[in-house]
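Peer 1: build the 3D model from these lines:
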Amino acid sequence: MPRTPPKARATPRTTALGAVAIFVPLFTALLWWAFAHRVAPVAASGRPAFGTLSPAAAVFAAVFAAAGVAVIAALARANRRRLRAVLRPNRGRVIASIVLAFLIPVMVVEWRPLVLGLSVVNLLSYPTWRGAIGVPAVLTLATAIWYPITGLIISGVRERRLRFFVFALAWWSCYAGALLIWGFATIAVYPLPPASGPP
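Peer 2: The predicted structure is shown next:
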């Protein structure tokens, strides 16, 4: 019995059109949600209040969150007949998945991403038995979630510079998603108590 030839990759034009078709309604929905639940007047200091976003930040977050999801969904749709090739394990895909899991933003504090990998640093600094179990479990789960996405990007995007751009877009999409979920976060600074001593 003759072997079935491998399925051909979808053309970049087909994938791009699919991404645009997903992006437009998703961006519209996310922008509406952001303005309905996150946008609030900016204080005189120019910084949004905790848990809110400025209109410009809401647009930014909606654009990047929708763009990342749209590109990955379009790649999944375009490569749905090549899942065996997409999910085939190799060293590059595993390493890329671990790196993305380590660097995934879980919150944005003062516009700086609080990445999941910092939990490993905290565990090394303050070891606890719960952390010894929970941190590896969370990183393993995040790696497992990223692996099919990594496979889609590596297998579905041939041009290396474009592949790097899609990886970067996926990271920025997570950053934007954290902004939409949590809003702007600040670091609380409390005044020091007055020093006690002899008068």
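Peer 1: ranking helices and strands of this protein by mean pLDDT, which lands last?
Peer 2: In the chain, the helix or strand scored least confidently by mean pLDDT, DSSP states H and E is helix 118-125, which has a mean of 71.
Peer 1: what is the subsequent helix or strand relative to it?
Peer 2: Note on helix 118-125: by DSSP states H and E, the next helix or strand toward the C-terminus is helix 129-156.
Peer 1: ok now that following helix, how far from the chain's centre?
Peer 2: Taking C-alpha atoms, centre = their mean, to the nearest Å, one finds the center of helix 129-156 at 12 Å from the center of the full chain.
Peer 1: what about the helices in this protein?
Peer 2: Secondary structure of the chain, counting by DSSP state H: helices at 12-37, 55-78, 83-86, 91-103, 118-125, 129-156, 160-182.
Peer 1: buried set for the shortest one?
Peer 2: By neighbour count, with 16 or more other C-beta atoms under 10 Å as the criterion, the buried positions of helix 83-86 are residue 86. From N, CA and C alone the C-beta is placed, and that goes for glycine too.
Peer 1: what's it packed up against?
Peer 2: helix 129-156 (3 or more C-beta pairs under 8 Å, 6 or more residues apart in numbering; DSSP states H and E).
Peer 1: so what secondary structure elements neighbour the helix it packs on?
Peer 2: Applying 3+ C-beta pairs under 8 Å, 6+ apart, one finds that helix 129-156 makes contact with helix 55-78, helix 83-86, helix 91-103, helix 118-125, helix 160-182.
Peer 1: buried deepest among those, which one?
Peer 2: Stretch with highest mean neighbour count among these: helix 55-78 (a mean of 21; mean count of other C-beta atoms under 10 Å).
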